[in-house]
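Undergrad: Please find the sequence and the predicted model below.
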Amino acid sequence: MRNILLAATAISLFAVPAMAQNSPFANSYGTIGYTQLDGSDGDLGAITGRLGTKLNPNFGLEGEVSFGVDDDESSFAGVDTKVELEYDAAAYGVAYLPISDQFELFGRLGYGTTEIKASAPGVSLTEDGESWNYGAGAQYFFDGQNGVRGDWTRRDFTDDGGEVDTYSLNYVRRF
């Protein structure tokens, strides 16, 4: 009886890869990279991480979070000011256009939140804003799992908060 159970278990392990192909998370990926945020109030830099999954070859979902690493410093009337990104987080629907097995274009649409901190000697102000985000990009894979990604995304802030363009270069890893 024990041998039959062991044999059945061993045979069932061959079915695991087939089940994984039907899972919506079989085409998951993660990215890590640098993002440049260009806005009218300053240019900021951030480290950005993303997690996403392709639900089919042409559509997927992804979430991203960024933390500021490059602040904008300026001087106005002899007063030094500093603007820094505290965080940026967003969720997107992503449409893919596969060009080959290694190269694809994509467009994305989502909603996010951003927090910026501005400070001068003796004064500090933190602002946050919600935004509708849209953008496009491309990714190239060196092999089945590793690649690079470049993208542009515009954050269109609600409540007349203006617009910020972001440019990102990332390492991509498929799971």
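TA: Thanks, I have the structure now.

Undergrad: Tell me where the chain has helices.
TA: 2-13, 16-22 (DSSP state H).

Undergrad: any idea which of those helices scores lowest on pLDDT?
TA: Per-stretch mean pLDDT for those is lowest at helix 2-13 (a mean of 43).

Undergrad: pLDDT below threshold where in this protein?
TA: 1-26, 41 (pLDDT under 70).

Undergrad: mind redoing it with 50?
TA: 1-20 (pLDDT under 50).

Undergrad: Which stretches in it count as strands?
TA: Assigned by DSSP state E, the chain shows strands spanning 28-39, 42-56, 59-70, 72-76, 79-98, 103-120, 123-141, 146-157, 163-174.

Undergrad: Within the sheet, what are the partner strands of the first one, with directions?
TA: Strands adjacent to strand 28-39 in the sheet, as given by DSSP bridges, are strand 42-56 (antiparallel), strand 163-174 (antiparallel).

Undergrad: Show me what counts as buried in the longest one.
TA: Counting neighbours by 16 or more other Cβ atoms under 10 Å, one finds that the buried residues in strand 42-56 are 42, 44-46, 48, 50, 52-54. For every residue, glycine as well, the C-beta is placed using N, CA and C.
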